[in-house]
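Student: dropping the sequence and predicted coords here.
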Amino acid sequence: MNKYAIEQIVPHDHPMILVDELVSYSASSACCSVKIHPESNFYNSEKKSVPAYVGLEYLAQTIAAYANALNIDDGGEVALGFLVSARNYVANVSEFKLGTTLTTSVTKLFKEDNGLSVFDCTILHNDEVIVEAKINVYEPEDPSLYLTEQAEK
């Protein structure tokens, strides 16, 4: 496993990079870490937390980190992917509290030839699953063409 700064593998700019670090990855899975602090995007200073629904984006960015680390390992470049849907997003908490360190985990269940993939996803805190979801993503061969086509419509 190579070590990549998160800015190298998540195709966003700060402050929209929400995951802190790609902790590990393999051919079929990856884990990232997220520490909740007052500067976290979507942090509610009154509640001292981030809403649990933001976990969907934590998981999507973990998928991006996974896919792009593998792309770079294979001599490719960082590519865009698109979140298509999330099924069965179940959060056992309503918020991620200040000081919490989360582990986001994604495992690829399958990838079709057309670029559609399905991932089994979890968010853990202290080794306890607090969020579960199945996430569908689309990785077109040439995302710039897709974006150009969509912008013209």
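Tutor: Ah, there it is. Numbering: from 1, shown residues only.
Student: got the contact list for Tyr58?
Tutor: Leu18, Val19, Cys32, Val34, Leu102, Thr104, Ile123 (C-beta atoms under 8 Å, 6 or more residues apart in numbering). Every C-beta, even on glycine, is put in place using the N, C-alpha and C of the backbone.
Student: typed the wrong thing, it's Leu22
Tutor: Each residue near Leu22 by C-beta under 8 Å, 6+ apart is listed here: Tyr4, Ile6, Ile9, Ala30, Cys31, Cys32, Thr62, Ala65, Tyr66, Ala69.
Student: without its sequence neighbours, what residue ends up closest to the residue nearest to the spatial centre of the chain?
Tutor: Nearest residue to the geometric centre of the chain (C-alpha atoms, centre = their mean): Gln61, 2.2 Å. Excluding the flanking residues, the one nearest Gln61 by C-beta to C-beta, 6 or more residues apart in numbering is Val19, at 4.7 Å.
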